[in-house]
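Novice: Take a look and give me a structure for this.
(one chain, ligands or ions: 2)
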Amino acid sequence: MANPKLLILAGDGIGPEVMAEVKKIIGWFGAKRGMGFDVEDDLVGGCAYDKYGTPLHDDTMAKAQAADAVLLGAVGGPKYDNLDFSVKPERGLLRLRKEMDLFSNLRPAQCFDALADFSSLKKDVVAGLDIMIVRELTSGVYFGEPRGIFTEGNERVGINTQRYTESEVARVARSAFELARRRNNKVCSMEKANVMESGILWREVVQKIHDEEYPDVQLSHMYADNGAMQLVRWPKQFDVIVTDNLFGDLLSDCAAMLTGSLGMLPSASLGAPMANGRPKALYEPVHGSAPDIAGQGKANPIACVLSFAMALRYSFDQGAEADRLEKAVEKVLADGVRTADLMGPEGGVPVSTGQMGDAILAALDASL
Ligand code: IPM
Ligand code: MG
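Specialist: Ligands and ions are numbered 1, 2, ... in the order given. Here you go, the predicted model:
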């Protein structure tokens, strides 16, 4: 059988540095586990704009549609802050999500034991934390029409529209319930049904899908503002959280920080199954391009490495190999290997991005 095709879009800022470590790991799985991948690199974000005048070239879009999975680093940077909105680096990423129809964005927040002391919250609040945020990714206020900046009388007005159809809510709800069945069987749905009609519809549809198709899963509903508070107060009350595009953006950053560093958190963005049965899929770290530390070898590659672990699990049906990679990361952290973002107040000498990658490779070798 032909090797699966991976399209790598390392992007901007620290993207290329962290992706370089992932490539070593992809190579390791090829050499040591007989899992070859055909890897192709291309551009997204500011670097694509610099070369083509667009943050995502049509050819790259076509390659993404044809790939078995896309791995993305990060996009954006201060250099691009004043670009016209339509060609900003983020538009490249949003186009990929929209055109690949990646409606279900899985953002796990897991606290590794070795880092429990490192969270800004008390250790007992975060130790052993393992939650999954399922963020709707192709609709809502990110894409709703009308949108724009218009003139009304003698002033301008900025407009964005929160819009959800029943089928959009239903499909992301299903993916949350499916995940919950393989975890601790609990889903909490978050919206603002107290102020938004789209929230009322969201709540009704999630409840209906639950009652008709997943009555065995425990379902609760929460207003998203309360959800943010509960995430910080006692995050272990949650298993799977399902929420819309914008609330999911906010809540997942918040959940990420519970685990100590944004440099740790991976994500999978999944769409409908392709002809080969694999879901359309893009994997990326939750963190951004961190322009302040780009090019200095300071970035933590773990979020990107764990995103590849998610690819092994969700695209390539290699759950055991995904576990192997996650355990290797856990081992490295337990051994005290730390990039700069993981240095506590007691200090110490941080390792570089490349050294962290090598440590993970060594732990993988030791796992055989
Ligand atoms: C994220 C990011 C993106 C988003 C940006 C880069 C467009 O914050 O993936 O969470 O807002 O979705
Ligand atoms: Mg975000």
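Novice: Before we move on, what's the pLDDT of the closest residue to ligand 1 within the stretch 51-200 of the chain?
Specialist: Nearest residue of the stretch 51-200 of the chain to ligand 1, counting by CB to the nearest ligand atom: E90, 3.9 Å away. Every residue, glycine included, has its C-beta placed from N, CA and C. pLDDT, E90: 96.
Novice: what residues are up against it?
Specialist: G45, P55, V75, G76 (CB atoms under 8 Å, 6 or more residues apart in numbering).
Novice: all helices of the protein, in order?
Specialist: Using DSSP state H, the helices found in the chain span residues 15-33, 46-52, 58-66, 89-99, 123-126, 166-181, 197-213, 224-233, 245-258, 302-314, 319-334, 353-366.
Novice: Contacts for the fifth one next, please.
Specialist: For helix 123-126, the surrounding residues in contact (CB under 8 Å, 6+ apart) are C111, A116, D117, S119, W234, P235, K236, L258, T259, G260.
Novice: Roughly how far does S367 sit from ligand 1?
Specialist: 31 Å (CB to the nearest ligand atom, to the nearest Å).
Novice: so that residue sits right up against K327, yeah?
Specialist: Yes: between S367 and K327 there is a contact at 6.7 Å, judged by CB atoms under 8 Å.
Novice: can you count the residues close to the nearest residue to S315 once chain neighbours are set aside?
Specialist: Among residues not flanking S315 along the chain, A69 sits closest, at 4.4 Å (CB to CB, 6 or more residues apart in numbering). For A69, the count of nearby residues is 26 (other CB atoms under 10 Å).
Novice: you'd agree A69 is up against Y283?
Specialist: Yes: counting by CB under 8 Å, A69 touches Y283, with 6.4 Å between them.
Novice: Mutual contacts of these two, please.
Specialist: With CB under 8 Å, 6+ apart as the test, A69 and Y283 both reach A311, S315.
Novice: filter the contacts of helix 123-126 to the buried ones?
Specialist: C111, A116, S119, P235, L258, T259, G260 (16 or more other CB atoms under 10 Å).
Novice: Got phi/psi on the last one?
Specialist: This points to G260. Note on G260: backbone dihedrals following degrees, to the nearest 10 are phi 110, psi -40.
Novice: any idea how far the residue found closest to V75 once you drop the neighbours it is linked to in the chain lies from G15?
Specialist: Once flanking residues are discounted, V75 sits nearest to G45: 3.0 Å by CB to CB, 6+ apart. According to CB to CB, to the nearest Å, G45 stands 8 Å off from G15.
Novice: ok, now H57?
Specialist: Distance from H57 to G15, counting by CB to CB: 17 Å.
Novice: who's more crowded, these two?
Specialist: It is G15, of H57 and G15, that has more neighbours when counted by other CB under 10 Å, with 31 against 18.
Novice: residues in contact with the residue nearest to the more buried one when sequence neighbours are not counted?
Specialist: Among residues not flanking G15 along the chain, G73 sits closest, at 2.6 Å (CB to CB, 6+ apart). The contact partners of G73, taken as CB under 8 Å, 6+ apart, are 9-12, 14-16, 18-19, 284-285, 289, 304.
Novice: contacting residues around the residue most central in space within the chain?
Specialist: Note on the chain: the residue nearest the mean C-alpha position is S267, at 2.5 Å, using CA atoms, centre = their mean. Applying CB under 8 Å, 6+ apart, one finds that S267 lies in contact with N105, L106, R107, P108, S252, Y283, E284, P285, V286, S307, M310.
Novice: Around ligand 1, which positions in the stretch 101-250 of the chain sit nearby?
Specialist: D249 (CB under 6 Å from any ligand atom).
Novice: where does the stretch 101-250 of the chain have low pLDDT?
Specialist: Under the criterion pLDDT under 70, no range of the stretch 101-250 of the chain is flagged.
Novice: N185 contacts L219, doesn't it?
Specialist: No: applying CB under 8 Å as the test, N185 and L219 come out as separate, 10.0 Å apart.
Novice: More neighbours: which of these two?
Specialist: Of the pair N185 and L219, L219 is the one with more neighbours under other CB under 10 Å, namely 22 against 16.
Novice: can I assume that one is in contact with A176?
Specialist: No: using CB under 8 Å, L219 is not in contact with A176, being 9.4 Å away.
Novice: Spit out the residues that contact those two alike.
Specialist: The contact sets of L219 and A176 overlap at V187, S189 (CB under 8 Å, 6+ apart).
Novice: Thank you, goodbye.
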